[in-house]
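**Q** Build the 3D model from these lines:
(2 chains)
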Protein chains: 2
Amino acid sequence: MNYKIELSSEEVPKKWYNINADLPCELPMPKNSEGRNQIEDLQKAFTKAALDQEFATERYIKIPQKVRELYMQMGRPTPLFRAKRLEEKLNTPAKIYYKREDTSPTGSHKLNSAIPQAYFAKKEGVERLTTETGAGQWGTALSLACSLLDLDCTVYMVKVSFNQKPDRKNIMNIYGGEVFASPSENTEFGRKVLAENPDHVGSLGIAISEAMEEALNNDNVKYTLGSVLNHVMLHQTVIGQELKTQLEIANEEPDTMIACVGGGSNFAGALYPFIKDKLDGNSDTKFIAVEPSACPTLTEGKYEYDFGDSNGFTPLLKMYTLGHDFVAPSVHAGGLRYHGMCPQISLLAHEGYINPVTAHQRDVFNAGIQFAKCEGIVPAPETTHAIKAGIDEAIKCRQTGEEKTIVINFSGHGMLDLKGYANYFSGEMPNSK
Amino acid sequence: MNYKIELSSEEVPKKWYNINADLPCELPMPKNSEGRNQIEDLQKAFTKAALDQEFATERYIKIPQKVRELYMQMGRPTPLFRAKRLEEKLNTPAKIYYKREDTSPTGSHKLNSAIPQAYFAKKEGVERLTTETGAGQWGTALSLACSLLDLDCTVYMVKVSFNQKPDRKNIMNIYGGEVFASPSENTEFGRKVLAENPDHVGSLGIAISEAMEEALNNDNVKYTLGSVLNHVMLHQTVIGQELKTQLEIANEEPDTMIACVGGGSNFAGALYPFIKDKLDGNSDTKFIAVEPSACPTLTEGKYEYDFGDSNGFTPLLKMYTLGHDFVAPSVHAGGLRYHGMCPQISLLAHEGYINPVTAHQRDVFNAGIQFAKCEGIVPAPETTHAIKAGIDEAIKCRQTGEEKTIVINFSGHGMLDLKGYANYFSGEMPNSK
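**A** From the prediction side, this is the model:
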């Protein structure tokens, strides 16, 4: 049998899918907080293209040929694999497929948005991009994208991840990115946080504030974000569009689709094109969003207006949130430690189109090891959340006898996160928050 | 254009190619040293299948269906990529292709031999496999292969690499492998070396001695080797056979083919099927073997009988060697620090079928960074040697105007070797020996 389904370079999608066109009810718009004008700031911080795409309502947006070319040169389309050995190990009648975003040169799906963001910035005459990174995946992707498009790149990396993962800094340096541990002394906000607590471990929210501050104070600098916002989500839909073609080739209709969620980008990218079918009334697929119990935004957060960052630089967004001053415990899945959630995903979850679940840290690492021993690839700590939920679903099928088709978005590999696994083996890893 | 050439699972080769059938003159046989019987020891240490394949003279050996299945499940065939951006950067008329063995779950070509070695051992009733590892690539691959075939696995890792690369131990642990820094206290030979020099940094030769000693002293334990010997080389020829099909699809005849050499396994695997054509008189392809200037076996070694390990456990092999007591400086390309060379490669080099060259450490890391910035993937330190030579060849084409087709075997990625790059950036890396 064919264990992998590959597409040729030419099958890279020609357009991005924009879920704004198909939402089941009106999306609450971002708004300024009292006495401030963050929307204007946002307009200054982001590229024009990012803002246009953020509020676009067309269903499909054309991918510029140069961006498609770079997608191809960086190896897209990514393969779809059948986890036959894992199925046998679990003794399940279910079929498990996984979409291999780890095959990107930077090891995760993040390059899918980094490339177009760098492309549009270059086109608008920008010289340097700033950003934040949690686990390091987004910063790595943006560093490479800036190298591909001949831009400078500055990355604020959440301090706890910076310290846990020196190799992340190394790889960003290889691509030419400059990396600072956040909170840093570079920005007014960073200095303020450090003055209050010199040992602050950082958070995505703080790093966002620092990166945005630089863009607000420099004309040739723009800020980029690797998740949460709609323009990022739509860039990522190349994953789900490829996946549709691949599942057609495999002659499969997915019963359950699973992705981990931090800000929402790999979830949206892989699942939006399928959620569209459900919104159109043409599908019964169940969509599972898996978050760490240490940062249970969709499952325990409130659906309300909140800042996207810690400092109130961003407008208020209507979303599930744990509060913009929430600092998640320093679990290894640094990419899932965000207090908020993409507004569109929040709305879809609120309307019942998405099933959110949580998973404990020891359990997800255990699932990751089980997966690696069967399928070979070591998943990123973030990705192990999706795998845990996939294994749970497959075990349910063993009990019910259902031959479900389960599709997991394998968002990234764990080659730069092996310390998390060492921590698991040492017995020092707590199971919960 | 199509930047990658993929093959389907079913196109995994059905047989291994054995160069023993086509050598241009008789291969000098292994022999015992005076008063000892290492050949008998070898027969005890290895599986029967490994020994049979070692001395086989059939041109093709059937790949068992279960092994083919595991090759497929672990993602073979691997893709062939065109390095279009690197070509443009170098402003060369040459076309550069690279065969992506880094896409293996363990990140290098080593799994190609680990799987059949574990398969044959299981079939012969073996319970545990031992081995040595330098850079860690072979030990990682054998750990996964043992997990796939339900065997125990013990890895002796050269101490300098063990200390430089804690993540290598972590990943082997994920797959269930047990890892010891060599020289260790586990074996008589390890204890002897440590007694003489407690700070010994280790060598592949010492690690081989330790792993073999365990197999000689335990009936249910067999020793495996990840390079040098013919049965390993022939397992690796799945690379070159796939590559032939892919180059046919691309409508290319390679002018220059390049691989790095330590013991010779990625070189042999990728190039033997093409060297066959040259031996048959049907090809003018130039075959470049790149070694570190710190361990210049083919370029400065002698072609003579020497032990394969440091202790004289192995028979004497006729090969290029720097002497079995040679300890290479601790360069980051741990997989290329071996004093000897595969006897068949040695013979082919001696007869003029292979062009060996050396490269300096700073130069190869520089080439690796240049590659990563264009093509995205960060190469392993070993692989950077092949890339350096590929870039040199492409630059020559710029000067001569020749539109050569250059094919590089991209033996592995550097995700677990980023400290080497950090060392390069710090300016602390010496350029030569």
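**Q** Skipping adjacent residues, who's closest to whatever residue of the stretch 301-433 of chain A ends up closest to chain B in space?
**A** The nearest approach of the stretch 301-433 of chain A to chain B comes at A:Gly376, 2.9 Å away (C-beta to the nearest C-beta). The C-beta positions use only the backbone N, C-alpha and C, and glycine is treated the same way. The shortest distance from A:Gly376 to any non-neighbouring residue, by C-beta to C-beta, 6 or more residues apart in numbering or on different chains, is to B:Pro105 (2.9 Å).
**Q** Mind pulling up the pLDDT for A:Asn431?
**A** With respect to pLDDT, A:Asn431 scores 66.
**Q** Next to chain B, which bits of the stretch 51-200 of chain A? Give me the list.
**A** A:72-75, A:79, A:81, A:84-85, A:103-107, A:111, A:144, A:147-148, A:166-167, A:169-171, A:173-176 (C-beta under 8 Å from any C-beta of the partner chain).
**Q** re earlier: now for the residue of the stretch 301-433 of chain A closest to chain B: which residues touch it?
**A** Counting by C-beta atoms under 8 Å, 6 or more residues apart in numbering or on different chains, A:Gly376 touches B:73-75, B:104-106, B:111, B:144, B:148.
**Q** Which ones among the residues of the stretch 51-200 of chain A next to chain B map onto strands?
**A** Mapping those onto strands (DSSP state E) picks out A:Phe81.
**Q** Of the residues of the stretch 51-200 of chain A next to chain B, grab the buried ones for PyMOL.
**A** Those of these that count as buried under 16 or more other C-beta atoms under 10 Å in any protein chain shown are selected in PyMOL with:
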select buried, chain A and resi 72+73+74+75+79+81+84+85+103+104+105+106+107+111+144+147+148+167+169+170+171+173+174+175+176
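**Q** before we move on, back to that, for A:Phe81, see how far away the residue nearest to A:Gly376 is.
**A** Distance, B:Pro105 to A:Phe81, using C-beta to C-beta, to the nearest Å: 10 Å.
**Q** overlap in contacts of those two?
**A** Common contact partners of B:Pro105 and A:Phe81 (C-beta under 8 Å, 6+ apart): A:375, B:75.
**Q** Could you export whichever helix or strand A:Arg191 is part of as PDB, CA atoms only?
**A** Using DSSP states H and E, A:Arg191 sits in helix A:188-196. Included here for helix A:188-196 are C-alpha records, laid out as PDB according to Å, rounded to 0.1, in the frame of the first residue of the first chain:
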ATOM      1  CA  GLU A 188      10.400  50.800  27.100                       C
ATOM      2  CA  PHE A 189       7.900  48.100  27.900                       C
ATOM      3  CA  GLY A 190      10.600  45.500  28.400                       C
ATOM      4  CA  ARG A 191      12.500  47.700  30.800                       C
ATOM      5  CA  LYS A 192       9.300  48.400  32.700                       C
ATOM      6  CA  VAL A 193       8.500  44.700  33.200                       C
ATOM      7  CA  LEU A 194      12.100  44.000  34.200                       C
ATOM      8  CA  ALA A 195      12.100  46.900  36.700                       C
ATOM      9  CA  GLU A 196       9.000  45.300  38.400                       C
END
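**Q** and the gap between the nearest residue to A:Leu148 once chain neighbours are set aside and A:Asn112?
**A** What sits nearest to A:Leu148 in space, not counting adjacent residues and going by C-beta to C-beta, 6+ apart, is A:Leu70, at 5.9 Å. Per C-beta to C-beta, A:Leu70 is found 10 Å from A:Asn112.
**Q** quick check, A:Ala270 in a strand?
**A** No: using DSSP: H, G, I helix; E, B strand; the rest coil, the secondary structure at A:Ala270 is helix, not a strand.
**Q** Where does the record place the domain boundaries for chain A?
**A** A:4-8+A:67-107+A:233-426, A:44-64+A:109-230 (automatic domain parsing).
**Q** OK, contacts around A:Phe46?
**A** Taking C-beta under 8 Å, 6+ apart, one finds A:54, A:215, A:222-224 in contact with A:Phe46.
**Q** ok, and the most crowded of those residues?
**A** A:Thr224 (29 neighbours; other C-beta atoms under 10 Å in any protein chain shown).
**Q** Tabulate the contacts of A:Gly376 in TSV, adding columns for distance to B:Phe365 and pLDDT.
**A** Formatted as TSV, the contacts of A:Gly376 follow (distance: C-beta to C-beta, whole Å; pLDDT from 0 to 100):
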residue	distance to B:Phe365	pLDDT
B:Gln73	34	98
B:Met74	29	98
B:Gly75	28	97
B:Ser104	23	98
B:Pro105	25	98
B:Thr106	22	97
B:Leu111	25	98
B:Leu144	27	98
B:Leu148	33	98
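**Q** Let me know the secondary structure of A:Pro430.
**A** Once three-state DSSP is applied, A:Pro430 turns out coil.
**Q** my read: it touches A:Arg362, true?
**A** Yes: contact between A:Pro430 and A:Arg362 holds when scored by C-beta atoms under 8 Å: they sit 7.4 Å apart.
**Q** Out of the helices and strands in chain A, which is least certain?
**A** One helix or strand of chain A scores below all others by mean pLDDT, DSSP states H and E: helix A:159-164, with a mean of 85.
**Q** where does chain A have low pLDDT?
**A** For chain A, the stretches with pLDDT under 70 are A:431-433.
**Q** Show me which helix runs longest in it.
**A** The longest helix of chain A (DSSP state H) is helix A:381-400.
**Q** what comes up buried for that one?
**A** A:381-394, A:397.
**Q** Likewise for stretch A:342-351?
**A** Neighbour count says stretch A:342-351 has A:342-350 buried, by 16+ other C-beta under 10 Å.
**Q** that older thread, what's the helix or strand for the residue nearest to A:Leu148?
**A** helix A:65-73.
**Q** Excluding sequence neighbours, find me the nearest residue to the residue most central in space within chain A.
**A** Relative to the mean C-alpha position of chain A, the nearest C-alpha, by C-alpha atoms, centre = their mean, is the one of A:Ser265, at 3.5 Å. Nearest residue to A:Ser265 in three dimensions, chain neighbours excluded: A:Ser227, at 4.2 Å (C-beta to C-beta, 6+ apart).
**Q** before we move on, what about A:Glu10?
**A** Using C-beta to C-beta, 6+ apart, the closest residue to A:Glu10 is B:Asn2 (6.6 Å).
**Q** on that earlier part again, quick one: list the elements packing against the least confident helix or strand of chain A.
**A** Secondary-structure packing of helix A:159-164 (3 or more C-beta pairs under 8 Å, 6 or more residues apart in numbering or on different chains; DSSP states H and E): helix A:166-174, strand A:178-182.
**Q** Brilliant, that's me finished.
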